[in-house]
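J.: Attaching a predicted model along with its sequence, questions to come.
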Amino acid sequence: KKKPADFDPKTVACWGKGERVPFLFPSLAFDLISNETGRIVITDIVCNMLRTVIDTTPDDLAATVYLAANKIAPAHEGLELGIGDASIIKALAEACGRTEPHIKTQYKEKGDLGLVAQASRSSQSMMRRPAPLTVVKVFESFRLIAKESGKDSQEKKKNRIKALLVAATDCEPLYLIRLLQTKLRIGFSEQTLLAALGQAAVYNEHHSRPPPNIQSPLEEAAKIVKQVFSILPVYDIIVPALLTGGVWDLPKTCSFTPGVPVGPMLAKPTKGVAEIVNKFQDIDFVCEYKYDGERAQIHYMENGSVEIYSRNAERNTGKFPDVVSAITRFKKSSVKSFVLDCELVAYDRAQKKILPFQILSTRARKNVVVSEIKVDVCIFAFDILYLNGQSLLHEQLKVRKEKLYDSFEEESGFFQFATALTSNDLEEIQKFLDSAVSSSCEGLIIKTLDRDATYEPSKRSLNWLKLKKDYMESIGDTLDLVPIAAFHGRGKRTGIYGAFLLACYDDTNEEFQSICKIGTGFSEAQLEERSASLRSKVIPEPKSYYRCEVKPDVWFETSEVWEVKVADLTISPVYSAAIGIVDPAKGISLRFPRLVRVREDKTPEQATSSEQVAEMYNAQKHNQTNNEEDGEDD
Ligand code: ATP
């Protein structure tokens, strides 16, 4: 393996200009990256990889970027590989002439099917090698695998995987398998890829020089690509635009359009009304009810079609046909296209009452038929991001609100604007919070109005603060954590798991870090349900990307996300959460964790991040210091 300093893509690039890029090329780059930890070095390697593709075969850039992102399509297209270990094991056994039990034993030993594939290949000789794999061939095969459906789809998927494996050499089998499992995990995030893509575009000699006012073109280009991706997360559009128009014009050529969801703006936790008034001292802000339903971005296209996207940018249109058919009723006739940000909330129209989230979660998830709907929903609209051909993301909230109120009519129980209060009076806000809670809302969301009040896609912004009544006495917010292991139950809990080990997610190192044990907050039925669901996720060894010093009885593949309420956070020598952020050698743990609910709308990688855990710890410390100071004053 070459060291990064020796990584001259030209020596690795052994294909002619215009020829398909071999899959071995990104595979070698992945191998180099997996031996590195520094973000700058990793960005350099990815940048060099992409530059080489731009210089030789730019047509293959989009496929290369997709593979490096370990994706096969934008999230809103909903195309997923969906391959279980069983299919891979079968394909691997057939491709290498081994038996399935043999592969399974090796899997147990190595804990990574990719490593099993690599070891099996290197011990196999072949009379006639198939043509070498190319990036485009692998990418297209992945898409075909994802699209297989119907009766023999498992068999067809397996055969496609087998064909890829038979042609794979060197380190290709390792990365083929990891990509197929959507677990590349070589230690770089999509943000690093975007930065590298921007930097690679700067080196493209066919494009214009950076504008004269730009001091550091590489940094600026990275920022541009990240920003554009946050409003148009579609490589199929961004990559060709980069190749034809260059990076400096990218914001002009790629803009927000109905039909492609932007990542939702998110809120930071806060503990009390006083803290809000303090934080927003000289800024106008609005307080809104925080409804407890499901986030929805409703897109209405000029051709009259409607799409609804979830918090994760997944297409949720099939779940809410009632909303789709009703939405046009509430818009004024001058409105030709729009994107609404709102919360869909279970609603009892007879009683004129908001219903709890638990009721909403009983609705079927797919292909819902209007006549079979038992739980009605009311749309609570709080923002408008696009109107009549114009993006409003750069407008201040005050302007967006005016446009929202001007463009739609309320209809009780069907479409309502989020209840809002503009005031900076402590007592008034406190009363408003109480009224939100008595109207079955979780609390308030407080938003800046006319300064620092643009819409920040995919960002947890300080310009949106959430105030949840329940948690004000504890740490201000719940955490969303991933069960990665469990301990066998004793006594009454014999036969089921007695406690689980939870982890947060560290995006920088792409690892799950242990944070606490949880054994309370479950009813017996719930405990059985969770045990049953996780039993199918048991794995023999912890994954290489689990950071955990605790020794549980069984390990799980990551699958669920649990919302957990805690009393407070403490520094811990045993748990690994946020290790190195607050303390160089110790992590953070949670005291008295209790299960609130399972978060169906989050993937494990969207769990609370280690950075958020550190922020919560610091906020708590800050509050304690303040309280102690207050105490001394008394
Ligand atoms: P995370 O845990 O990642 O912060 P979350 O999904 O748990 O996100 P919160 O941060 O607790 O949500 O709160 C933000 C969510 O509150 C939004 O995603 C939205 O679904 C919901 N919400 C309800 N009412 C409003 C409102 N008026 N304005 C904005 N969001 C609202």
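T.: In hand now; what should we look at? Residues are numbered from 1 along each chain as shown.
J.: Please make it C-alpha for all contacts and neighbour counts, starting now.
T.: OK.
J.: Around the ligand, pick out the residues from this structure.
T.: 266-267, 288-292, 294-295, 343, 382, 418, 445 (C-alpha under 6 Å from any ligand atom).
J.: got the contact list for residue 384?
T.: For residue 384, the contacting residues are 338-341, 392, 400-401, 403-404, by C-alpha atoms under 8 Å, 6 or more residues apart in numbering.
J.: The residues you listed into a markdown table, with extra columns for pLDDT, neighbour count and secondary structure?
T.: Formatted as a markdown table, the contacts of residue 384 follow (pLDDT from 0 to 100; neighbours: other C-alpha atoms under 10 Å; DSSP: H, G, I helix; E, B strand; the rest coil):
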| residue | pLDDT | neighbour count | secondary structure |
| --- | --- | --- | --- |
| 338 | 98 | 26 | strand |
| 339 | 98 | 27 | strand |
| 340 | 98 | 20 | strand |
| 341 | 98 | 23 | strand |
| 392 | 98 | 21 | coil |
| 400 | 98 | 24 | helix |
| 401 | 98 | 19 | helix |
| 403 | 98 | 17 | helix |
| 404 | 98 | 22 | helix |
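J.: Looking at the residues you listed, which is nearest residue 528?
T.: Nearest to residue 528 among those: residue 341, at 36.9 Å, using C-alpha to C-alpha.
J.: Bridged to the closest one, which residues?
T.: Applying DSSP bridges to residue 341 gives these bridge partners: residue 297, residue 383.
J.: Output the below-cut-off pLDDT ranges for the stretch 1-150 of the chain.
T.: Judged against pLDDT under 70, the low-scoring parts of the stretch 1-150 of the chain cover residues 1-13, 121-128.
J.: How about the closest residue to residue 545 other than its chain neighbours: which residues does it bridge to?
T.: Spatially, and ignoring its direct neighbours in sequence, residue 545 is nearest to residue 511 (4.6 Å; C-alpha to C-alpha, 6 or more residues apart in numbering). Judged by DSSP bridges, the bridge partners of residue 511 are residue 506.
J.: and residue 511, what is it in contact with?
T.: When contacts are counted by C-alpha under 8 Å, 6+ apart, residue 511 touches 505, 545-547.
J.: out of the residues you listed, who has the most neighbours?
T.: Within the contacts of residue 511, most neighbours by other C-alpha atoms under 10 Å means residue 505, with 29 neighbours.
J.: measure that one to the ligand for me?
T.: Noted for residue 505: a distance of 12 Å to the ligand, by C-alpha to the nearest ligand atom, to the nearest Å.
J.: I'd say that residue and residue 607 touch.
T.: Yes: counting by C-alpha atoms under 8 Å, residue 607 is a contact partner of residue 505 at 6.0 Å.
J.: my read: residue 488 touches residue 531, true?
T.: No: counting by C-alpha under 8 Å, residue 531 is not a contact partner of residue 488; they are 10.1 Å apart.
J.: Can you check which residues contact both of the two?
T.: Common contact partners of residue 488 and residue 531 (C-alpha under 8 Å, 6+ apart): 496-497.
J.: between the two, which one's more packed in?
T.: Using other C-alpha under 10 Å, the more surrounded residue of residue 488 and residue 531 is residue 531, with 18 against 15.
J.: So which bits of the helix or strand harbouring the more buried one are buried?
T.: In this structure, residue 531 sits in helix 524-535 according to DSSP states H and E. Residues 527-528, 530-531, 534-535 are the ones in helix 524-535 that count as buried (16 or more other C-alpha atoms under 10 Å).
J.: okay, the contacts of residue 384 in JSON lines with distance to residue 364 next?
T.: As requested, the contacts of residue 384 are exported to JSON lines (distance: C-alpha to C-alpha, whole Å):
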{"residue": "338", "distance to residue 364": "27"}
{"residue": "339", "distance to residue 364": "24"}
{"residue": "340", "distance to residue 364": "23"}
{"residue": "341", "distance to residue 364": "22"}
{"residue": "392", "distance to residue 364": "33"}
{"residue": "400", "distance to residue 364": "33"}
{"residue": "401", "distance to residue 364": "32"}
{"residue": "403", "distance to residue 364": "33"}
{"residue": "404", "distance to residue 364": "30"}
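J.: and of these, the nearest to the ligand?
T.: Ranked by distance to the ligand (C-alpha to the nearest ligand atom), those are led by residue 341 at 8.0 Å.
J.: quick one: that closest one and residue 298 touch, right?
T.: Yes: Residue 341 lies in contact with residue 298 (C-alpha under 8 Å); the separation is 6.6 Å.
J.: Render the CA-only coordinates of stretch 425-436 in PDB, please.
T.: Output of stretch 425-436 as PDB, limited to C-alpha atoms (Å, rounded to 0.1, in the frame of the first residue of the first chain):
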ATOM      1  CA  ASP A 425     -42.100  39.500  27.700                       C
ATOM      2  CA  LEU A 426     -40.900  36.600  29.900                       C
ATOM      3  CA  GLU A 427     -44.300  36.100  31.600                       C
ATOM      4  CA  GLU A 428     -46.200  36.200  28.400                       C
ATOM      5  CA  ILE A 429     -44.000  33.600  26.800                       C
ATOM      6  CA  GLN A 430     -44.300  31.400  29.900                       C
ATOM      7  CA  LYS A 431     -48.100  31.600  29.600                       C
ATOM      8  CA  PHE A 432     -47.800  30.700  25.900                       C
ATOM      9  CA  LEU A 433     -45.700  27.700  26.800                       C
ATOM     10  CA  ASP A 434     -48.400  26.500  29.200                       C
ATOM     11  CA  SER A 435     -51.100  27.000  26.600                       C
ATOM     12  CA  ALA A 436     -49.000  25.000  24.100                       C
END
